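>>> sequence first, predicted model second:
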Amino acid sequence: MSSDATPPPRRRRRAFDWSTAAIAAVAFAAAAAVYIRDGREHFLAIFGSDLTLFGEMLPKVLAGCLIGAFVTLLLPRELVARWVGHESGFTGLAVAAFFGFLLPGGPITIYPVAGAFLAMGADAGAVVAFITSWTLCGYTRALVWELPFFGPDFVIWRIVEAVPLPIVAGLLARIVVRAGLVRLDIKR
Amino acid sequence: MILAVNILLWLVVGVLAFMAALRGRVLLNDGAREGLWEFIRLLPRIGAGVVGSGFIAEVLPKALVASWIGPGSGFLGVLLATIGGALTPGGPVVGFSIGAAALKGGAGAPQVIAYSTAWALYAIHRLVIWEVPMMPPRVVWLRAAVSVPLPFIAAAIAMALARP
């Protein structure tokens, strides 16, 4: 089951990350501004509620990281690709979108799977539907990251609205490819 | 709710760890180690993002946010939010913390949905760092191009359904 898959490419690990540094700098400036403008008490109140949120997120994030790591190791990529590549037409898009919803984990998991789809001859529409669905409706992402920030009402509402989007993106991709606007020579 | 989510996530972890253990100790150890390292690397990012979002929301000029991307800002607000999302750098926390801060600071829900949808689908920084190295570039650009209208569709559905 596992022997058919090449190991997923490792992501370059960088100790320093510009986007984190930028957000940390902005956060620090905002914290300083609150302290100066509103005083120590207000500052501590906000800091306390942010720390609580942070503490509540940690077990979820740890679980999310472990899920991502195990799925990357366990996932029979070729098998999933065969499933998605098997169906075509509208059903193919729906199946691809459903797998995108189902598969947990971060980008390290998903892009190699999508790459395997292409290598096995799945059409661009299915691949696009798959990635879009994973990005917008994937449950680990929503539970681990989005829920603590936005709360259940907002997240559920957003996901319900996102349900048609993978199909729309997949159909658009097919139209673009059929119109000959993009040539996909997958065999690189 | 929070407890239920935790239980669900850890159940999934348990099942996956069990499946890994069935395939051998090495796989179990590898998975656990990879996951832990990822977690440790993410900690400072989450810390900055989460603690930052509260303070950033507090200092956001609410009147300005509300007039640019507030509930009454309509299509123009959605357009601004979408462009903002595409330009926001990656990392799992950045987009969500900015979106949450904007929502607390007076932004409209459809606009925030457009922002986070655009950020999730085609933040330029992430396309270049993540997707292009792992996928054929033409597929990446095709996916990004067909995703351009999606934040607008999401916001339109959000406006039509109205918030519960």
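Arrived safely, thanks for sending. Model, not experiment: these values are computed from the prediction.
>>> please count neighbours and contacts with C-alpha atoms only from this point.
OK.
>>> and the pLDDT for residue A:183?
Confidence at residue A:183, expressed as pLDDT, is 68.
>>> now the host helix or strand of residue A:45: mean pLDDT?
Assignment of secondary structure by DSSP states H and E places residue A:45 within helix A:18-74. Average pLDDT, helix A:18-74: 88.
>>> that helix near chain B anywhere?
Yes - using Cα under 8 Å from any Cα of the partner chain, we find that helix A:18-74 touches chain B at A:19-20, A:23-24, A:26-28, A:30-31, A:33-34, A:46-47, A:50-51, A:53-54, A:59-71, A:73-74.
>>> other SSEs contacting that helix?
Applying 3 or more Cα pairs under 8 Å, 6 or more residues apart in numbering or on different chains; DSSP states H and E, one finds that helix A:18-74 contacts helix A:107-119, helix A:147-150, helix B:2-22, helix B:25-59, helix B:92-104.
>>> among the ones you listed, which is nearest residue A:135?
helix A:107-119 (9.1 Å; Cα to Cα).
>>> tell me if the closest one is near chain B.
Yes - Helix A:107-119 comes into contact with chain B (Cα under 8 Å from any Cα), by way of A:107, A:111, A:112, A:114, A:115.
>>> filter these to the buried ones?
A:107, A:111, A:112, A:114, A:115 (16 or more other Cα atoms under 10 Å in any protein chain shown).
>>> how about those in TSV, adding pLDDT?
What follows is these, written out as TSV (pLDDT from 0 to 100):
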residue	pLDDT
A:107	67
A:111	81
A:112	77
A:114	84
A:115	81
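>>> now, which of those sits nearest residue B:86?
Of these, the one sitting nearest to residue B:86 (Cα to Cα) turns out to be residue A:107, at 17.5 Å.
>>> where in chain B is pLDDT low?
B:1, B:90-92, B:163-164 (pLDDT under 70).
>>> mind running it again at 80?
Applying pLDDT under 80 to chain B flags residues B:1-2, B:45, B:62, B:89-94, B:125-126, B:129-130, B:134, B:162-164.
>>> please parse it into its domains.
B:1-59, B:61-164 (automatic domain parsing).
>>> most tightly surrounded among those?
Mean neighbours per residue, mean count of other Cα atoms under 10 Å in any protein chain shown, is largest over those for domain B:61-164, with a mean of 21.
>>> so residue A:81 sits right up against residue A:113, yeah?
Yes - using Cα atoms under 8 Å, residue A:81 is in contact with residue A:113, at 7.2 Å.
>>> the more surrounded of the two?
residue A:113 (28 against 23; other Cα atoms under 10 Å in any protein chain shown).
>>> tell me who's in contact with the more buried one.
With contact taken as Cα atoms under 8 Å, 6 or more residues apart in numbering or on different chains, residue A:113 is in contact with A:77, A:78, A:80, A:81.
>>> reformat those residues as TSV; add distance to residue B:68 and pLDDT.
TSV is the format used below for the contacts of residue A:113 (distance: Cα to Cα, whole Å; pLDDT from 0 to 100):
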residue	distance to residue B:68	pLDDT
A:77	44	74
A:78	47	74
A:80	44	74
A:81	44	73
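>>> and chain B, which of these contact it?
Restricting these to contacts with chain B (Cα under 8 Å from any Cα) yields no residues.
>>> out of these, which end up buried?
Here, 16+ other Cα under 10 Å leaves A:77, A:78, A:80, A:81 buried among the contacts of residue A:113.
>>> distance of the residue of chain A most remote from its centre from chain B?
For chain A, the largest distance from the centre (Cα atoms, centre = their mean) belongs to residue A:39, which lies 39.2 Å off. From residue A:39 across to chain B, the span is 13 Å (Cα to the nearest Cα, to the nearest Å).
>>> so who does that residue touch?
No contacts exist for residue A:39 under Cα under 8 Å, 6+ apart.
>>> ok, and what's touching stretch B:33-41?
A:61, A:62, A:65, A:66, A:67, A:68, A:69, A:70.
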